[in-house]
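> Quick check, what structure comes out for this input:
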Amino acid sequence: MLSLLKLTDEYLLADLQKVCEDSIIDFMDGFAALHILTESKILIPENSESIIKDTAKSVLLDEYEIVEK
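Next comes the predicted model:
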């Protein structure tokens, strides 16, 4: 889904970009949040980055005990 999100930014598909953001947020678990926050190769469009990373931080804090194991 992150790859599709990058393409929506590249091709200026704002409506699809919002759908991708919502989907990423809805299905994010602790492991995905950890991946988003630590993987330097992930390219998130600038206008989507704050909402996705803020959500990832929140999810990671909520699921820290699960991810820690």
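
> where's the residue sitting nearest the centre point of the chain relative to Glu39, distance?
In the chain, the residue lying closest to the centroid (C-alpha atoms, centre = their mean) is Ile52, at 4.2 Å. Distance of Ile52 to Glu39, given as C-beta to C-beta, to the nearest Å: 13 Å. Where C-beta positions appear, they are placed from N, C-alpha and C, glycine not excepted.

> how about low-confidence regions in this protein?
Counting by pLDDT under 70, the ranges of the chain that qualify are 67-69.

> mind listing the helices for it?
2-10, 14-26, 30-38, 46-62, 64-68 (DSSP state H).

> mind listing what's buried in the longest one?
In this case it means helix 46-62. By neighbour count on 16 or more other C-beta atoms under 10 Å, the buried set for helix 46-62 is 48, 52, 55-56, 59-60.

> Near Leu37, how many other residues are there?
Neighbour count for Leu37, taken as other C-beta atoms under 10 Å: 14.

> mind listing what it touches?
53, 56-57, 60 (C-beta atoms under 8 Å, 6 or more residues apart in numbering).

> How about Cys20?
1, 4-5, 8, 48 are the contacts of Cys20 under C-beta under 8 Å, 6+ apart.

> Tell me how far it lies from Glu63.
22 Å.

> Kindly report the same for His35.
13 Å.

> same check, this time on Thr55
12 Å.

> any residues in contact with both of these two?
Common neighbours of Thr55 and Glu63 (C-beta under 8 Å, 6+ apart) are Ala33.

> Against Leu34, how distant is the closest residue to Leu13 other than its chain neighbours?
Counting by C-beta to C-beta, 6 or more residues apart in numbering, Leu13 lies nearest to Leu7, which is 7.8 Å off, once chain neighbours are set aside. Distance, Leu7 to Leu34, using C-beta to C-beta: 24 Å.

> Can you pick out the residue with more neighbours from those two?
Leu34 (16 against 13).

> OK, contacts around Ser48?
Ser48 neighbours (C-beta under 8 Å, 6+ apart): 5, 9, 17, 20-21.
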